[in-house]
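Asks: Just the structure for this:
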Amino acid sequence: MKKRVTRKTSKALVTFMGAIAFMTACSSATDSGQTNENEPEVVEATSENLTIEDEQEAEQDEGKEEIQAEPDQGKEANKTELPEKLQVDQQLIHDNGTVATIESIEFGEEVITVNVNVKNGRLGDIFFAHTGRKGLVLEDDTGVQYPFLPPNDNEGLMIGTGEQLSGALVFLGRVNGEAKELSLTVNPHRKDDNERTSTPYFFFESIEIQR
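Replies: A predicted model of the protein is given here:
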């Protein structure tokens, strides 16, 4: 036997379904309004925060630059200035007739240049640096010696009869910062005053360095 749904029953069902829908909507709204305690707090990036971070990074960079600059300043402080050009004009005469003059000395970062004039008054050739590299010795008063660099085409510095040699003698090295004097020895292994010798010996001493 089928039951009939009356108007009153139908109206009660509609009212009941509407109540359920209202309760569901309220529950959803409540859930969406709650915050998750486990989620990290998001900090909004403001111009003030960015300015503080930029200042901290700038201070760190300045500190690094200062640390890197210190070694360079130390090197400049330890490096002495080169002496001025010396006007020497010191002349020696050998018994064989050779006249040798140191005119001036110049100081560079890598070499020392000794400007000389040598006249051969002997009847025969002479050798101003008989053994080439070891034929001239430039030494300072602290004991430092500066190697001679002879020209490739005339290592012994041969000078013919009646001729003269005028030019620059090059010695390797930067002058010692503590040196006060220089000396130049010519043909150190030929200490011979014989008037017939072809390898005259000269010793230029006490050449004062001006700083």
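Asks: can you give me the helices in this protein?
Replies: 7-33, 47-78 (DSSP state H).
Asks: Can you find the helix or strand of the protein with the lowest average pLDDT?
Replies: Lowest mean confidence among the helices and strands of the chain (mean pLDDT, DSSP states H and E): helix 7-33, at a mean of 47.
Asks: right, and residue 113 touches residue 167 too?
Replies: No - using Cβ atoms under 8 Å, residue 113 makes no contact with residue 167, being 9.8 Å away. No exception for glycine: its C-beta is placed from N, CA and C like everyone else's.
Asks: is it true that residue 124 touches residue 197?
Replies: No - taking Cβ under 8 Å as the definition, residue 124 is not a contact partner of residue 197, at 9.7 Å.
Asks: So those two - more neighbours on which side?
Replies: residue 197 (20 against 12; other Cβ atoms under 10 Å).
Asks: so who does that one touch?
Replies: Listed by Cβ atoms under 8 Å, 6 or more residues apart in numbering, the contact set of residue 197 reads 96, 190.
Asks: what's the answer for residue 125, then?
Replies: Contacts for residue 125 (Cβ under 8 Å, 6+ apart) come out as 158, 159, 160, 161, 198.
Asks: How about residue 169?
Replies: With Cβ under 8 Å, 6+ apart, residue 169 has these contacts: 113, 114, 115, 116, 136, 148.
Asks: change it to 6 Å
Replies: Residue 169 sits next to 114, 116 when contact means Cβ atoms under 6 Å, 6 or more residues apart in numbering.
Asks: how close does it get to residue 128?
Replies: 9 Å (Cβ to Cβ, to the nearest Å).
Asks: again, but for residue 88
Replies: Using Cβ to Cβ, we find residue 88 at a distance of 17 Å from residue 128.
Asks: Then residue 82?
Replies: 27 Å.
Asks: So for the two, which residue has more residues nearby?
Replies: Each of residue 82 and residue 128 has its neighbours counted (other Cβ under 10 Å); residue 128 has more, 24 against 15.
Asks: which residue sits closest to that one, ignoring its sequence neighbours?
Replies: residue 157 (3.9 Å; Cβ to Cβ, 6 or more residues apart in numbering).
Asks: before we move on, what about residue 193?
Replies: Residue 193's closest residue in space is residue 95 (Cβ to Cβ, 6+ apart), at 5.1 Å.
Asks: same question, residue 133
Replies: The nearest residue in space to residue 133 (Cβ to Cβ, 6+ apart) is residue 148, at 5.4 Å.
Asks: if we can go back for a sec, wait, the residue nearest to residue 193 touches residue 195, no?
Replies: Yes - assessed by Cβ atoms under 6 Å, residue 95 is found in contact with residue 195 at 4.4 Å.
Asks: got the contact list for residue 119?
Replies: Contacts here follow Cβ under 6 Å, 6+ apart; on that basis residue 119 touches 99, 164.
Asks: Show me what it is bridged to.
Replies: Per DSSP bridges, the residues bridged to residue 119 are residue 99, residue 164.
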